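**Student:** I would like the atomic coordinates for the input below:
(2 chains)
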Amino acid sequence: MKEAYINAKILDPEKNEEYVGDIVIEKDKIIDVGPNIYKKDKSKSYKNIHDCKNLFITPGLVDMRVSLGEPGSEHKENIKSGCKAAFAGGITTLVCLPNTDPVIDNVSVAEYIQKRAKEVSKINLYTYGSLTKNFDGKNLCEMGLLSKAGVKGFTDATKSVENSAVLKRALEYSKAFDSLIIQFPEDKNLANDGVMNEGEISTRLGLAGIPSIAEVITIERDLRLVEATDARYHISCVSTAKSVEVIRNAKKKGLKFTCDTSPQYFTLNEMAVEDYRTFAKVSPPLRTEKDRVAIVNGLKDGTIDAIQSDHSPQDEDNKRLPFNHAEKGIIGLETLLPLSLELYHNKSLSLLDVIKKLTKNPADILNLDHGTLSKGSKADLLIFDPNKPFVINVKNFKSKSKNSPFDKKPSQGKVIKTICSGEVSYAA
Amino acid sequence: MKPLKDSKHTLLRPHLLSVEDLSIPEVEILLNKANFYADANRQKGKIEKTLKELTIITLFFETSTRTKTSFELAAKRLGADSIGINATTSAIKKGETLIDTAMTLNAMHADILIVRHPDSGAVKLLSKKVNCAVINAGDGRHEHPTQALLDALTIKRNKNKIKGLNIAICGDVLHSRVARSNILLLSKLGARIRIIAPPTLVPKSIENLGVEVFNNMEKGLIDCDIVMMLRLQTERMKGLYVPSTREYFKFFGLDHKKLKNAKKDALIMHPGPINRGIEIDSALADNLDRSVIHQQVEIGVAVRMACLEMLTVGIDK
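**Tutor:** Next up, the predicted model:
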């Protein structure tokens, strides 16, 4: 039996269109989409008709950087709680980092996680594999076998691949399997024992700083290697103005690669850690206001392709410590949409452009057939109201951990319904 | 010296955590009181036991002789019961978190807790969890407020003023909480502050705190009234920040020749402990005409007495 979502404002990131129309789904597929579909349909054999007047429908969000904590840190998050949180955030596809314990550096761990995910949730869950075995930075993982097991890319998660020869070999080897190499750019020696951005605030707080050049130096080196190898390469968590400038220039010259950022880098700056607020301790660190503005501009002109949540659950015990010892990370699944919508509300990006960076662009980077509303594709939908005001309250979050600096922040844009494989997975 | 303006008021805060949040009137209250104690300490029977029956705990997560003794002496002079917990060797070190420690201490009903910790911000974190007054005796690279107060009083007693003086802070500013507290306090009181250090030991954007930066000691010392030397934390250097202590002394160590660039009556200060022959020439450190290093220690006790008393004004004694 068919179901129809009618009179909705449809945002189609693939066709680059925004119009009032209907979406018809049957079982787990979209069978028709467009203006006046429901009216024109003579059969009227519908199980349910949902009037979505004044609401927007887009493909379910695709989050390309999530830490789920299972296996290894189930007290912080597990696959079940993480998937629930994702649905509450409008996300229907997520890719989790290999920073589990054990690390996803072999087929059995990758398969275990996929099996677990199928047991507990309908969500489209994929994983990355680590680029080097156990993140040792030296020995390459079995990229071929892991790719065959469904792994979507290779990354050392929150560690930068330091050794140029290792990265060069990884880029070369990845071409045999058309694999994506994802770098977390931070020069380890320059970052040293730093815990926040280096600058006036770190000087005032007496905390060791991470200079912003630690990021751009790695990016510049990597781009030379990408140029030499022509491999598929992606940069995660761009956070500095200099990085945006280097990426923009390289893309202008025609180099093919992609990059992303997460909401904290365009909504917050280093002032958020004043008074030693460990909930705003992240990696890479929050930068200056100048950097934040550059990230917004990078999103605006297409230099930055995608927005991900960098969901990093941490329990209170690991955050309520002296700043030097507190864990890094912010939970992001349930704030990804409202924080990204700030770009629309303050007129930096159009609504369609924001949605593209949360759906089609990440899906394209990863070669996934999600993030689309085309006929025959999977019925993964997000129904939301971009204007609805609300106050972020971590107590209501589905995520096991509550480490968010955005708690109590007045926000705009609420998920009304998340539909995954044709089923309602979340309803506000 | 000119008498300091007296005031009946007290501190506006329950804890003494940093110089940054002290107002100028609060600083004046503390310095006035400390100035009184600096004189009273030299005479018998002058000091009222205003802290009688109060319990003071010193909790040091980093080794210290001078500061810890100074606080304990200050507490005893005012009649308080003080005990010290050496947290570098105790069970606290073995995995107990700072918040657990705070809970334990709460149960002991101390009136003042004096804390030193190797991590910036840790003392503030602790202060949020305990129900007594907390004094920061040094947290990481962040602040050491009582050291800055004692330095300010030492300067005031020797020069009769602070406003308008040229004060050079020399050496490892990057790792120094003493430097941070002094920059904030002395510029608050109207002094002009210079930093003299090799570029690797100058914290990023320190100019934004209103200081002038010199990488050449001869130039930096010109016209200075006060030369404040910092300890080179040799254990942290490991050849990373300066190539050798020999080279460091040659260019950034204070000796008679370099001191000639400063004013004729310029005074030498040092928070201690001194590395003789690394940041300061040994004979110069002992030259009582120029060096006020021992005065700093003596005034330190008076300043800490003032801090203890001011923080307990509201406590029913």
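**Student:** Tell me the pLDDT of the nearest residue to A:Gly153 once chain neighbours are set aside.
**Tutor:** Leaving aside its sequence neighbours, A:Gly153 sits nearest to A:Leu180 (CB to CB, 6 or more residues apart in numbering or on different chains; 3.6 Å). Yep, even glycine has a C-beta here, placed from its N, CA and C like the rest. For A:Leu180, the model assigns a pLDDT of 98.
**Student:** helix or strand for the residue in the stretch 1-150 of chain A positioned nearest to chain B, which one?
**Tutor:** For the stretch 1-150 of chain A and chain B, the shortest gap (CB to the nearest CB) falls at A:His75, measuring 16.0 Å. Under the criterion DSSP states H and E, no helix or strand holds A:His75.
**Student:** That one - how many residues pack around it?
**Tutor:** 13 (other CB atoms under 10 Å in any protein chain shown).
**Student:** re earlier: show me what contacts the residue nearest to A:Gly153?
**Tutor:** By CB atoms under 8 Å, 6 or more residues apart in numbering or on different chains, the residues touching A:Leu180 are A:152-154, A:174, A:232-234, A:365-367.
**Student:** wait, isn't the residue of the stretch 1-150 of chain A closest to chain B in contact with A:Lys400?
**Tutor:** Yes. Contact criterion CB atoms under 8 Å: A:His75 and A:Lys400 qualify, at 7.5 Å.
**Student:** what touches both of these two?
**Tutor:** In contact with both A:His75 and A:Lys400: A:69, A:315, using CB under 8 Å, 6+ apart.
**Student:** since we're on residue 273, how many residues are nearby?
**Tutor:** You didn't say which chain, so I picked chain A. Counted by other CB under 10 Å, the residues lying close to A:Val273 total 26.
**Student:** my bad, chain B
**Tutor:** By other CB under 10 Å, 10 other residues sit near B:Pro273.
**Student:** which stretches of the stretch 151-300 of chain B form strands?
**Tutor:** B:166-170, B:192-196, B:212-214, B:226-229, B:267-269 (DSSP state E, counting those that start in this stretch).
**Student:** about what we covered before: for the residue of the stretch 1-150 of chain A closest to chain B, give me its contacts.
**Tutor:** Here A:His75 is in contact with A:69, A:315, A:400 (CB under 8 Å, 6+ apart).
**Student:** ok, and the closest non-adjacent residue to B:Thr97?
**Tutor:** A:Leu321 (6.7 Å).
**Student:** Looking at the chain, which helix is longest?
**Tutor:** Unless you meant another one, I'm taking chain A. Taking DSSP state H as the criterion, chain A has its longest helix at helix A:213-229.
**Student:** hm, I was asking about chain B
**Tutor:** Max-length helix for chain B by DSSP H is helix B:293-311.
**Student:** Quick one: distance of that one to the chain centre.
**Tutor:** Taking CA atoms, centre = their mean, to the nearest Å, one finds helix B:293-311 lying 10 Å from the centre of the chain it belongs to.
**Student:** pLDDT weak spots in the stretch 201-317 of chain B?
**Tutor:** Within the stretch 201-317 of chain B, the stretches with pLDDT under 70 are B:236-239, B:314-317.
**Student:** Going along the chain, name the helices of the stretch 151-300 of chain A.
**Tutor:** For the stretch 151-300 of chain A, applying DSSP state H, counting those that start in this stretch gives helices covering A:164-174, A:188-191, A:200-205, A:213-229, A:241-252, A:264-267, A:289-300.
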